[in-house]
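K.L.:
no sequence on hand, only this structure:
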């Protein structure tokens, strides 16, 4: 058997509740399907209810009786993030794992409802806000986890602090890489704060390597490359292995980053992944945290 973590190592998740963002397609769909197959209750947080309902039916065809529920979430609007969090807090008896999976890649210049550059807003600010809002709920569940999805693209990230919302210049590839670096800085500072506060919640990050998902919809090159990558590298199901490892593996390490182990992190079973030194910069992490609090109005209930 190949060395590393795969879906075959997921054990029973009966009695547990997972919130998976962007669950109607790609990595989120595959993660939700595996979790449901192992007895978990999965809250599928999606922007489109129609697409979410179709995804639920697809999973139930493979997993009869799967415990799935739709929750509306538009990560381009912090108001929607707040509504999603409030619904989960009010209606769910427990929350074991928050899987921050949803994101956008390489869109033309667009802005969120609050006026932020779209990739900054959707890929970083929304997960930052959702995590902070749901932290009290997670804290009530022993062994709860937060999973943050980054990318190999974080290696190209160089945050432009003076033009964080792309009012002066915009490169869709640069802003994507920046947002993925932000994901790892979020993890770095979140893990530090959770430990310092003695919180029972753990935080991990993951990346799928090169996997065929519908993140390619804004890029002509990616629409050609990603299907070919699926033949050579990872399928969406295989790309979900690091997410699953961070979410459920008993030996997953708080603060760690998980990703494919073959071909420079592009494919294969999951294990501990390499991250750039910039992703462990304490000053940048603290600066981003303060900026994110100001942009979202969310302050984590941690000492």
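P.N.:
Received it, and whenever you're ready, just let me know what you need. Model, not experiment: these values are computed from the prediction.
K.L.:
could you use CA atoms for every contact and neighbour count after this?
P.N.:
OK.
K.L.:
can you show me the helices along the chain?
P.N.:
26-37, 49-62, 78-91, 118-120, 126-139, 172-197, 220-232, 236-239, 241-248, 282-296 (DSSP state H).
K.L.:
which secondary element of the chain has the worst mean pLDDT?
P.N.:
Every helix and strand in the chain was compared by mean pLDDT, DSSP states H and E; the lowest is helix 220-232, with a mean of 54.
K.L.:
so for stretch 275-288, what gets flagged as buried?
P.N.:
275, 278, 279, 280, 284, 285, 286, 288 (16 or more other C-alpha atoms under 10 Å).
K.L.:
looking at the residues you listed, which is nearest residue 83?
P.N.:
Comparing these against residue 83 with C-alpha to C-alpha picks out residue 288 as the nearest, at 23.9 Å.
K.L.:
so who does that closest one touch?
P.N.:
For residue 288, the contacting residues are 182, 185, 186, taking C-alpha atoms under 8 Å, 6 or more residues apart in numbering as the criterion.
K.L.:
so who does the second one touch?
P.N.:
Yep, that's residue 185 we're talking about. Residues 279, 280, 281, 284, 285, 288 are the ones in contact with residue 185 under the rule C-alpha under 8 Å, 6+ apart.
K.L.:
go with 7 Å
P.N.:
279, 280, 285 (C-alpha atoms under 7 Å, 6 or more residues apart in numbering).
K.L.:
pLDDT score for it?
P.N.:
Confidence per residue is given as pLDDT, and for residue 185 that number is 98.
K.L.:
returning to what we had before: the contacts of residue 288 into TSV, with extra columns for distance to residue 145?
P.N.:
Below are these laid out as TSV (distance: C-alpha to C-alpha, whole Å):
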residue	distance to residue 145
182	19
185	17
186	14
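K.L.:
out of these, the closest to residue 85 would be?
P.N.:
Compare each of those with residue 85 using C-alpha to C-alpha and the shortest gap goes to residue 186, at 18.8 Å.
K.L.:
how about the contacts made by the closest one?
P.N.:
Applying C-alpha under 7 Å, 6+ apart as the definition, the contact partners of residue 186 turn out to be residue 285.
K.L.:
quick check: residue 298 touching residue 129?
P.N.:
Yes: proximity of residue 298 to residue 129 meets the contact threshold set by C-alpha atoms under 7 Å, at 5.8 Å.
K.L.:
those two - which one has more neighbours?
P.N.:
Taking residue 298 and residue 129 together and counting by other C-alpha atoms under 10 Å, residue 129 has the greater number of neighbours (24 against 18).
K.L.:
residues in contact with that one?
P.N.:
For residue 129, the contacting residues are 296, 298, by C-alpha under 7 Å, 6+ apart.
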